[in-house]
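Novice: I'll drop the sequence and a predicted model, then ask my questions.
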Amino acid sequence: MNKQAHWGVWLALTIACSASLTAIAQDEAPAPQKLERILAQQQELKRDLDAGKTDGLTTRQVNAIRKAQVDVFAVTEGKTTLDQLSMDDKVRLENALERINAEVKNTRAGHDEKQVCWRERASGTTMKVTRCGTEAEKREAREGARDYLDRPKVCGDRCG
């Protein structure tokens, strides 16, 4: 198998793993994906990176993949099923897998289309909710909130 086809297989496997975790993070019925399979795929990818099979990836991308894999292995340490993970751990695992996926895709569009989840407090409550969307949607929401906060608070002479 050539190098590009090899990375294509990893891309497909990473997408499959993250799709099932997205369903879990959104409290839907998860696809029949096992934690052992995710870990086996990540361990094999780690072995390939350790062996120098990094054609098409920069040193920065390889380091980003390794850093994301540290999160994957830390969150799943001692766990045998996805049900054993807390919601925060599921979000952290999902985001790490998406970071790996984006680096393997190696495109700006891949980074913007990367699915991410985050926990935030619902307005006016102490309850946390999980929100998921693309990296671009998260950036837009953050910029929209920043623009709202930056608007003048006093209406001045336009108060009618």
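Specialist: Yep, that arrived. Numbers count the residues shown, from 1 in each chain.
Novice: Going along the chain, name the strands of this protein.
Specialist: Using DSSP state E, the strands of the chain run over residues 115-121, 128-134.
Novice: Which positions in stretch 65-83 come out as buried?
Specialist: 65, 68-69, 71-72, 75-76, 82 (16 or more other C-beta atoms under 10 Å). C-beta: built from backbone N, CA, C; applies to glycine.
Novice: that older thread, could I get the strands of the chain as CSV with mean neighbour count, distance to residue 103 and mean pLDDT?
Specialist: Below are those laid out as CSV (neighbours: other C-beta atoms under 10 Å; distance: least, C-beta to C-beta, whole Å; pLDDT from 0 to 100):
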stretch, mean neighbour count, distance to residue 103, mean pLDDT
strand 115-121, 17, 14, 82
strand 128-134, 15, 16, 86
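Novice: Need the ones you listed in a markdown table (columns: distance to residue 147).
Specialist: Shown next, in a markdown table, are these (distance: least, C-beta to C-beta, whole Å):
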| stretch | distance to residue 147 |
| --- | --- |
| strand 115-121 | 18 |
| strand 128-134 | 18 |
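Novice: between those, which gets nearest to residue 150?
Specialist: Evaluated over those, closeness to residue 150 peaks at strand 115-121, with 19.7 Å, by C-beta to C-beta.
Novice: which helices and strands does the closest one pack with?
Specialist: helix 3-25, helix 87-105, strand 128-134, helix 135-150 (3 or more C-beta pairs under 8 Å, 6 or more residues apart in numbering; DSSP states H and E).
Novice: Okay, angle between the shortest one and helix 135-150 too, please.
Specialist: Regarding strand 128-134 and helix 135-150, their directions subtend 120 degrees when assessed with axes from the mean of the first three to the mean of the last three C-alpha atoms, to 10 degrees.
Novice: quick one: strand 128-134 to chain centroid distance?
Specialist: Distance, stretch centre to chain centre, for strand 128-134: 11 Å (C-alpha atoms, centre = their mean, to the nearest Å).
Novice: now that strand against strand 115-121, angle please.
Specialist: Here the directions of strand 128-134 and strand 115-121 differ by 150 degrees (the same axes, to 10 degrees).
Novice: separation between the residue nearest to residue 103 when sequence neighbours are not counted and residue 112?
Specialist: Counting by C-beta to C-beta, 6 or more residues apart in numbering, residue 103 lies nearest to residue 61, which is 4.6 Å off, once chain neighbours are set aside. Noted for residue 61: a distance of 16 Å to residue 112, by C-beta to C-beta, to the nearest Å.
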